[in-house]
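1. Next come a sequence and a model predicted from it.
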2 protein chains.
Amino acid sequence: MSIVVVGSVALDSVETPYGKVQNALGGSATYFSVSASFFTNDVKLVAVVGEDFPQEHLDFLNSRGIDLEGLERVEGKTFHWSGRYGASLSGAETLATELNVFEKFSPKVPDNYKNSEYVFLANINPELQMDVLGQVRNSKLVACDTMNLWIAERRDHLMETLKHVDILIINDAEARQLSGEQQVNMSARKILEYGPSRVIIKKGEHGAMTLTNTSYFSSPAYPLKLVFDPTGAGDTFAGGFMGYLASTDDISEQNIRKAIVYGTVMASFDVEDFSLNRQRILTREEIETRFAEVKAITEF
Amino acid sequence: MSIVVVGSVALDSVETPYGKVQNALGGSATYFSVSASFFTNDVKLVAVVGEDFPQEHLDFLNSRGIDLEGLERVEGKTFHWSGRYGASLSGAETLATELNVFEKFSPKVPDNYKNSEYVFLANINPELQMDVLGQVRNSKLVACDTMNLWIAERRDHLMETLKHVDILIINDAEARQLSGEQQVNMSARKILEYGPSRVIIKKGEHGAMTLTNTSYFSSPAYPLKLVFDPTGAGDTFAGGFMGYLASTDDISEQNIRKAIVYGTVMASFDVEDFSLNRQRILTREEIETRFAEVKAITEF
C-alpha cells in the first residue's frame, strides 16, 4: 500500500552538547518518508523547497525510492530551522525559524497520490492539513501530528482536523497542552474525545504509549547508551509506524503494537547522529535486531 | 525467607489536587513492610515512633503479620512530614519535616532479625544504613534507597554505603542528581560504577527500568486512570519487589523482572488513595489481576 506524507523539507542548524551542524537535511516530511522507506517502496511526499535546496539531498531521497512528484521547487529559500538542545536532550530551544518558501506553502496532492491508502499529516498548520484531506479520496488510515504553536494559536482549526483523523501522534508535552491534563494517561483519554479513535504519545527516553477506548499498549524506548541529537525522532517514529502498517496493510491492535515498536526502533537510530546521517547507512537487518532487543527487554 | 527493613514510621499530612489528609499513617518502612507483607509473612521492621503513635496503626501493622520487635517506642513525638502535590502529581513540595524522635534514631537490629537473608535500607541517613549493615550477618541481597538530601549533604557516606549494597532503588530525579548524568540510562550506567551490581530506577507514570552490566529491563507503570496521591509509591514498589523475591528466594534475572512488575503493581494500588488506605482492603487476587494486565499491555 502507498503512503502520502505532507510536511516540511528543511535545512536545519542544530547544536547539542556533543557538537553542531549547519544547514543539514531536515524537515518533518523528510524524516518521516526516509523512515517509512525502510518498510515500503511506495512513499509519496508533498512539500516545498527553495532554489537553494541541494541536489545531493534530492538524490538521497530518490535513492530511498521516495516519490518526489509532490515536492515543489519554487523561487526563494528553503525553510530553515535552528535549534539547540541542553544537557537533558529532552527538548529543543528554537533559535530561529525562517519559514521562507514554506510561508506560502499550499499543498498540492498530485493525481497519482490521491488514491493512497495511508496518509500522514506531519506538523503543519491544521488548515493545510484539512486542505490535504480534501484532496485525497481513498484513505484507509489517516494519522497526524501537531505542535505547541498550533495548539495555542490555531486551536479551533486543529480541533476540526482532529475530527477527521484516525490517529493523533504527539509527544507528552503536546498532549498535556492540548488536553489540559497533566498525567499522560488522562491526557490521552481526553484527546480521544476530540475525534481520533487512537492516540499515540511519544515520551522520548520513556518510550511510547497508545490507547483507544478499548486497548492500551506501552513500549519502552530502545535503551541507547547515548542520545546524540533528538531532531527528527518524532517524525522518524511516525515514519516507521506508518511504513510498517502500509507494508503489511494490517491495522489490527496486534499489528499496530508491532508498528509502534518499529517506530521506536527507527527513532533510536535517528537520534544517534545529526540529521539523517545514521539513516544513510542503516540496514533492515539492524532494524530487525533492535526490534528483537526491544522484545527481549520487555519480557517477564 | 525473611526481610529486614529499616526506615521511618511516620505520621503524614498530605495535600493533593483531590483532597487532603492529616496525621495519616506513613513512613518509608511502613509502606515497604505493608507492601512486602502481601508476599511473605516474614517481614521484620526496624524503626522508631513516639508516645503519640496511635495504637490502631500498630494493630494494622500487626494484622499484616509484620514483626514489630524492632519498632522502638520512645519519649517524644513521632516523625511528621507535611507535603503538597501540584497538578502533575510528579513531585511533592515539602511543607514541613518534623524529625522529632527520628532525629536521634539509632537503629538496633534485634537478635532474631540478624539472620534475615533480604535487607532493605529505606531512605535514611547513609551512616545509619551502614550501621545496620554492620548488625546483620547472613544477607543474601541488600537493597537501599536514598534521597536528594543525602546525595547533596552526605555524599561521601552515601558512596560508602553504595559499595556495600547489591541494588540501589531510586527515582529518576535522584539518579540524575547522584550521577550528574541527565539521561536515565546513562545515569544508571554511571551508578553501577559506584558499587551496586544492579540499579532500579523508578520513573513514576513512566514505569521502572533496571540494568546490570549485562542486562536491561523496562516495565511500564500500570495504566491508572488517575493518580490520587503518590506518597509512598516508591517504598511500596520496593516492598513488592523485595517481598516477591523473598517469597520465591530466586534472584535470577527472570525472577527479578517479575519482582519489578509486582513492585509497579503494588505502587499502582498505593497511589489510588491517601496513606495506606488502599492497602487495607487490597487482596492478592487484585494484585494478580493487575500483574496479568501489565503483561497484556506490553505484549507485541
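-> All right, it came through fine.
2. tell me the mean pLDDT over stretch A:183-195?
-> In this model, stretch A:183-195 has a mean pLDDT of 96.
3. got the buried residues for stretch A:252-262?
-> The neighbour-count check on stretch A:252-262 (16 or more other CB atoms under 10 Å in any protein chain shown) flags A:Ile256, A:Arg257, A:Lys258, A:Ala259, A:Ile260, A:Val261, A:Tyr262 as buried. For glycine as for every other residue, the C-beta is placed from the backbone atoms N, C-alpha and C.
4. same check, this time on stretch A:234-248
-> Result for stretch A:234-248 [16+ other CB under 10 Å]: buried residues A:234-247.
5. of the buried residues of stretch A:252-262, list those near chain B.
-> Applying CB under 8 Å from any CB of the partner chain, the subset of the buried residues of stretch A:252-262 adjacent to chain B comprises A:Arg257, A:Lys258, A:Ile260, A:Val261.
6. Looking at the residues you listed, which one is closest to A:Phe53?
-> Distances from A:Phe53 to these, taken as CB to CB, are shortest for A:Ile260 (32.0 Å).
7. Hmm, that closest one is touching A:Leu245, no?
-> No: using CB atoms under 8 Å, A:Ile260 is not in contact with A:Leu245, being 9.9 Å away.
8. Helix, strand, or coil at the residue nearest in space to the middle of chain A?
-> Centroid-nearest residue in chain A: A:Asp235, 2.0 Å away (criterion: CA atoms, centre = their mean). Secondary structure, DSSP: H, G, I helix; E, B strand; the rest coil: A:Asp235 is helix.
9. Name the nearest residue to it, sequence neighbours excluded.
-> Leaving aside its sequence neighbours, A:Asp235 sits nearest to A:Tyr31 (CB to CB, 6 or more residues apart in numbering or on different chains; 3.7 Å).
10. so what's that neighbour up against?
-> A:Gly232, A:Asp235, A:Thr236, A:Gly239, A:Asp270, A:Leu276 (CB atoms under 8 Å, 6 or more residues apart in numbering or on different chains).
11. quick check: mean pLDDT across the helix or strand hosting it?
-> Assessed by DSSP states H and E, A:Tyr31 sits inside helix A:28-36. Per-residue pLDDT over helix A:28-36 has a mean of 98.
12. one step back: any idea how far the residue nearest to A:Asp235 lies from A:Lys202?
-> As judged by CB to CB, to the nearest Å, A:Tyr31 and A:Lys202 stand 13 Å apart.
13. Check A:Leu95 too.
-> Distance, A:Leu95 to A:Lys202, by CB to CB: 23 Å.
14. Compare these two and say which is more crowded by neighbours.
-> A:Lys202 (27 against 12; other CB atoms under 10 Å in any protein chain shown).
15. Is that one bridged to anything, and to what?
-> A:Asn171, A:Ala208 (DSSP bridges).
16. which residues sit in contact with it?
-> A:Ile169, A:Ile170, A:Asn171, A:Asp172, A:Ala208, A:Ala233, A:Gly234, A:Phe237, A:Ala267.
17. Get me the contact residues on the stretch 151-300 of chain A for chain B.
-> A:182-186, A:189, A:203, A:205-207, A:209, A:211, A:216-220, A:223-227, A:254, A:257-258, A:260-261, A:295, A:297-300.
18. In PyMOL, select just the buried ones from those residues.
-> Per 16+ other CB under 10 Å, the buried members of these correspond to this PyMOL selection:
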select buried, chain A and resi 182+183+184+185+186+189+203+205+206+207+209+211+216+217+218+219+220+223+224+227+257+258+260+261+297+298+300
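19. which stretches of the stretch 51-200 of chain A form helices?
-> For the stretch 51-200 of chain A, applying DSSP state H, counting those that start in this stretch gives helices covering A:55-63, A:126-135, A:148-153, A:155-162, A:172-179, A:184-192.
20. Centre of the chain to the last one, how far?
-> Counting by CA atoms, centre = their mean, to the nearest Å, helix A:184-192 is centred 20 Å from the centre of its parent chain.
21. other SSEs contacting it?
-> Applying 3 or more CB pairs under 8 Å, 6 or more residues apart in numbering or on different chains; DSSP states H and E, one finds that helix A:184-192 makes contact with helix A:172-179, strand A:198-202, strand A:208-211.
22. please redo it, this time with the cut-off set to 6 Å
-> helix A:172-179, strand A:198-202 (3 or more CB pairs under 6 Å, 6 or more residues apart in numbering or on different chains; DSSP states H and E).
23. can you list the residues of the stretch 1-150 of chain A near chain B?
-> Listed as neighbours of chain B in the stretch 1-150 of chain A under the rule CB under 6 Å from any CB of the partner chain: A:Ala87, A:Ser88.
24. same thing but 7 Å
-> Neighbours of chain B within the stretch 1-150 of chain A, by CB under 7 Å from any CB of the partner chain: A:Ala87, A:Ser88, A:Leu89.
25. who wins for most neighbours among those residues?
-> Within these, A:Leu89 tops the neighbour count with 21 neighbours, counted by other CB under 10 Å.
26. That one touches A:Pro230, doesn't it?
-> Yes: with contact defined as CB atoms under 7 Å, A:Leu89 reaches A:Pro230; the gap is 5.5 Å.
27. now A:His80, which residues is it bridged with?
-> Under the criterion used (DSSP bridges), A:His80 bridges to A:Leu11, A:Glu98.
28. Check which helices and strands the helix or strand of chain A with the lowest mean pLDDT sits against.
-> Every helix and strand of chain A was ranked by mean pLDDT, DSSP states H and E. The lowest is strand A:92-98, at a mean of 92. Under the contact definition 3 or more CB pairs under 7 Å, 6 or more residues apart in numbering or on different chains; DSSP states H and E, strand A:92-98 sits against strand A:80-85.
29. hmm, who's touching the strand it packs on?
-> Strand A:80-85 is touched from outside by A:10-16, A:26, A:92-98, A:100, A:230, with contacts defined as CB atoms under 7 Å, 6 or more residues apart in numbering or on different chains.
30. now swap in stretch A:270-282 and tell me
-> Identification of contacts with stretch A:270-282 by CB under 7 Å, 6+ apart yields A:12, A:14, A:21, A:24-26, A:30-31, A:34, A:38, A:224, A:227-230, A:232-233, A:236, A:269.
31. Could you point out which residue ranges in the stretch 201-300 of chain A have low pLDDT?
-> Nowhere does the stretch 201-300 of chain A drop to pLDDT under 70.
32. circling back to that earlier point, and which of the contacts of A:Lys202 is nearest A:Glu127?
-> For the contacts of A:Lys202, the nearest to A:Glu127 is A:Ile170 (18.0 Å; CB to CB).
33. Without its sequence neighbours, what residue ends up closest to A:Leu178?
-> A:Ile151 (5.1 Å).
34. From A:Ala267, how far off is that neighbour?
-> 22 Å.
35. These two - which one has more neighbours?
-> A:Ala267 (30 against 20).
36. The more buried one and A:Gly239 touch, don't they?
-> No: using CB under 7 Å, A:Ala267 makes no contact with A:Gly239, being 9.2 Å away.
37. Mutual contacts of these two, please.
-> Joint contacts of A:Ala267 and A:Gly239 (CB under 7 Å, 6+ apart) do not exist.
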